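In: got a structure for you, letters missing:
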DNA sequence: ATTTGTGAACCCGTTCACAGCG
DNA sequence: CGCTGTGAACGGGTTCACAAAT
């Protein structure tokens, strides 16, 4: 192990920063909307506003893809749509399997944005024999016994897990063993996968808990502690609202309670 | 999020880093599982493994909450469950409204993890009159005309948007005007909200596109763990270690066009 | 005159490694 | 000893501000 002395200058790094990759879909969506309105070019400022980021970040992001803009003018919408699509791999057709056709799985199967851009629902898979053959969103559900066959037959490399948490890891293992190398996990569990397999998780309750954290802070400590009055809200300035029922703890009075474990 | 520039100067130790907040639910979930198994204490190493992070990060995270561990021993599970719950505001009961009871909204309404920890579905709201009164997951759907009344009556501060993208901004505006200050957005749109309102988005197609990006990269280049390896055009199969890896077949059909280096 | 593209400064989060305490 | 708690080093990402290009 090098003791942190060796730098990795990464000259000619072909790697696009992860944070940038995560924003490309956002840009693409905004650009697609512009494209449909036949807008020929956009400035970084306009596009950034549409995507909900600031313009410097957007320009920096695009700089990693290469120089696709024209100074003094902006970016060519169609060209940029193509370049980003290609960069994201959306010029290809990605077959996807959804495992676990409960309420959520069914909703995902019917989700429009799924089929829209490069992704195709290749199969719906469920462990319940009663589901087998039943069409969901126009696609017949197949039994999980056939999982491996389906994946290999269709060359599926992306799997969506929408099963209960209890079986998510098993499903994941089977998917990976069958050749899937990217997994989108909706089950509230930490999946462990071998190196080289990507997992992204979508977790409703985590998101809610993060919101609750901020919500709680708003209720406790607020009332003009800001001092940054550059923004004139067009809508009603939000009044902090407490949770229902319990009076609860009022709010931190600016101090961490040094409570000791009992 | 809405706030961009001058945030609070982190007046006290009250400021828990955003990245830490995002992990607290993860720790809480792991701790709850331990608690149900009546495990009295955990080391940072064990808990970190269960939560899918490394132990240094976990200890640093906990250090922001205060010193809740015992050196040489570890953390008291019950105590930590309580502390994190309190920190996240989960000792309170948060009423939540879900707007847009389509496939997704219905799935969310029935989602177990919703009601489980501090969150309560106060109302389901949909614009379709045909839905009104129909029970979904045991809760009668109410018409969106009553949105403002419902929110004010129940003191709702968290709203979930599961509508089509086209109406998401309008719904958002109404929610905010009625007093909602935290929004979880499932619609594939950028929502603009006044300062002080938190928005988190869950976007299926963005997640898929990010996966596709990495998937595409795998097909052509090594997953750069370490080392420079700039001239290795050879396709290195990820070769899932473990059970029955089927070598490196990936990509939908045929070959993936190589990425063009500058 | 505009607007891109980008070095450099800055900020935040992660990792390291060890001091401190049981 | 083992394990936590944390300063310090490190690295990635964001923002700034301006030079370069049209």
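Out: Arrived safely, thanks for sending. Please read all numbers here as calculations on a predicted model, not as lab measurements.
In: C-alpha only now, for contacts and for neighbours.
Out: OK.
In: now do the strands in the stretch 101-250 of chain A.
Out: A:119-126, A:135-136, A:139-143, A:158-161, A:182-185, A:198-201 (DSSP state E, counting those that start in this stretch).
In: tell me which of those sits nearest to residue A:39.
Out: strand A:119-126 (25.9 Å; C-alpha to C-alpha).
In: so which bits of that closest one are buried?
Out: For strand A:119-126, the neighbour count (16 or more other C-alpha atoms under 10 Å in any protein chain shown) marks A:119, A:121-126 as buried.
In: now do the end-to-end distance for stretch A:108-122.
Out: End-to-end distance for stretch A:108-122, by C-alpha to C-alpha, to the nearest Å: 13 Å.
In: and that stretch with chain B, contact?
Out: Yes - counting by C-alpha under 8 Å from any C-alpha of the partner chain, chain B is contacted by stretch A:108-122 at A:108, A:110, A:113-114.
In: for the stretch 101-250 of chain A, give me the ranges with low pLDDT.
Out: A:221-250 (pLDDT under 70).
In: do you have the helices of it handy? List them.
Out: A:103-110, A:112-116, A:147-154, A:165-178, A:204-220 (DSSP state H, counting those that start in this stretch).
In: can you put those in a markdown table and add distance to residue B:56?
Out: Shown next, in a markdown table, are those (distance: least, C-alpha to C-alpha, whole Å):
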| stretch | distance to residue B:56 |
| --- | --- |
| helix A:103-110 | 35 |
| helix A:112-116 | 38 |
| helix A:147-154 | 38 |
| helix A:165-178 | 25 |
| helix A:204-220 | 22 |
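In: now these in JSON lines, please, with extra columns for mean neighbour count and distance to residue A:27.
Out: As requested, the helices of the stretch 101-250 of chain A are exported to JSON lines (neighbours: other C-alpha atoms under 10 Å in any protein chain shown; distance: least, C-alpha to C-alpha, whole Å):
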{"stretch": "helix A:103-110", "mean neighbour count": "21", "distance to residue A:27": "23"}
{"stretch": "helix A:112-116", "mean neighbour count": "15", "distance to residue A:27": "15"}
{"stretch": "helix A:147-154", "mean neighbour count": "17", "distance to residue A:27": "30"}
{"stretch": "helix A:165-178", "mean neighbour count": "19", "distance to residue A:27": "31"}
{"stretch": "helix A:204-220", "mean neighbour count": "21", "distance to residue A:27": "23"}
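In: out of these, the one nearest DNA strand C is which?
Out: Closest to DNA strand C of these is helix A:204-220 (C-alpha to the nearest atom of the strand; 13.0 Å).
In: what's the angle from the closest one to strand B:119-126?
Out: For helix A:204-220 against strand B:119-126, the angle by axes from the mean of the first three to the mean of the last three C-alpha atoms, to 10 degrees is 100 degrees.
In: helix A:204-220 packs against which elements?
Out: helix B:18-36, helix B:77-88, helix B:112-116, strand B:182-185, strand B:198-201 (3 or more C-alpha pairs under 8 Å, 6 or more residues apart in numbering or on different chains; DSSP states H and E).
In: that one close to DNA strand C?
Out: No - Helix A:204-220 stays clear of DNA strand C (C-alpha under 7 Å from any atom of the strand), getting no nearer than 13.0 Å.
In: around DNA strand C, pick out the residues from the stretch 1-150 of chain A.
Out: Residues of the stretch 1-150 of chain A lying near DNA strand C (C-alpha under 7 Å from any atom of the strand): A:3-4, A:42-45, A:56, A:59-60, A:62-64, A:66-75.
In: again, 6 Å this time
Out: Near DNA strand C, the residues belonging to the stretch 1-150 of chain A are A:3, A:43-45, A:56, A:59-60, A:62-63, A:67-75 when assessed by C-alpha under 6 Å from any atom of the strand.
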